[in-house]
Every structure is written in structure tokens, then in C-alpha cells.
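K.L.:
just need the structure, nothing else, for what follows:
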Amino acid sequence: MKKRCEWAKDEPNTTYHDDEWGTPQHDDKILFEFLILEGAQAGLSWTTILNRREGYRKAFSNFDAKKVSKYTQKKVEKLLQDESIIRNKLKINSAINNAKLFLKIQDEFGTFDKYLWGFVNHKPIKNKFKKHSDLPATSDISEKLSKDLKKRGFNFVGPTICYALMQAIGMVNDHTSDCFLYKK
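P.N.:
The predicted structure follows:
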């Protein structure tokens, strides 16, 4: 049996851990997806979000930032009735706001990837944590990223959310040192 990070013992976490978490992502569409999902997760478990991921894909135009940026109040009202997502008005409005700002960053930097990965000099940080309890909730870099995103007008991008985003998209490798994915 493969040794995994402690949090990845049950589905859907096991599949997510094995196939995605900590794998460097550079596709802007995937980065936008994680930006939205991490914001939606605030105050909830990641399992809750993974169980609703397909609902989010449908509700948020398969994470097409251009389409999401054009959502109207009527669309927000429809999303507030959608049981396949977290029906939180602040989080839904944040996703729309963040889509608009995501597009601005793409215009400024060429891609959101260049902007985001610039915070780690375009290469993953490999941490050496032995157990899950050693993992931090934030880092100096997630604090800087959060501050910059907030300055640009983004919502639901506190340092903890930013660190979770960095973990999810592989900006930091936080697989514990005994995990079979640690060396990859």
C-alpha cells in the first residue's frame, strides 16, 4: 500500500492527492479554477469543495474567466439557488469580481501563470515536513501574494487561502517526506 500524506486517506481526497495536489500547474484556466475553489473553501473543508467540484464547473462556465466576468445579478440569483455549489452570496460575487481582475492580470503580465509563479521565481519550493501537523497555514510568500491580490481588489485571498492555492498548484511541495509523491 502506498504511503500518502495523512489527509489523503479517504475519497475524494485520495484521488485528488494522487492526481493533482502539489503538481505544478501553469494553465491559466486551471489556475482560475483553483483560485475560485480555494475562495469557496474558506471556512469549510476541502472535501466539501471536492464533492461539489463538478457543480462548480457547470455553474461557473467550466471556469472560463471571460464568461464568469460577465455574470449579471440575474445569474447571481440563479447561482444562489444552485444546490451543487456553496450558495454564499459573498463567495459568488467574489468569484465574478476575481474573474474580472484575473483578466486584468492576464493583460498586464501576459498570463496569470507568469504573475502567480513570479512569487516563487517560477520554480516550486520543496519543503521537508515529516508530518501533516508540521505544515504551516501561511508563509511569507503567501502573505505577499495575498497583500498584492488584495491591493488589486481580489476577495477571499487571505494568506491562508493563498497558501492553500500555492499547495494545490504545486508552487510549494508540501507532501510529507514519507509520502510516495514527495520525491516527484
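
K.L.:
now the most centrally placed residue in the chain: closest residue in space, sequence neighbours ignored.
P.N.:
The residue lying closest to the centre of the chain (CA atoms, centre = their mean) is Phe34, at 3.0 Å. With CB to CB, 6 or more residues apart in numbering as the measure, Ala168 is the residue that lies nearest to Phe34, at 5.0 Å, once sequence neighbours are left out. To be clear about C-beta, it is placed using only N, CA and C from the backbone, and glycine gets the same treatment.

K.L.:
burial count for that neighbour?
P.N.:
Under the neighbour criterion other CB atoms under 10 Å, Ala168 is assigned a count of 25.

K.L.:
quick one, what contacts it?
P.N.:
In this structure, Ala168 makes contact with Glu20, Trp21, Gly22, Gln25, Phe34, Glu38, judged by CB atoms under 8 Å, 6 or more residues apart in numbering.

K.L.:
how close does it sit to Phe129?
P.N.:
Ala168 sits at a distance of 16 Å from Phe129 (criterion: CB to CB, to the nearest Å).

K.L.:
over to Ile49?
P.N.:
Counting by CB to CB, the gap between Ile49 and Phe129 amounts to 23 Å.
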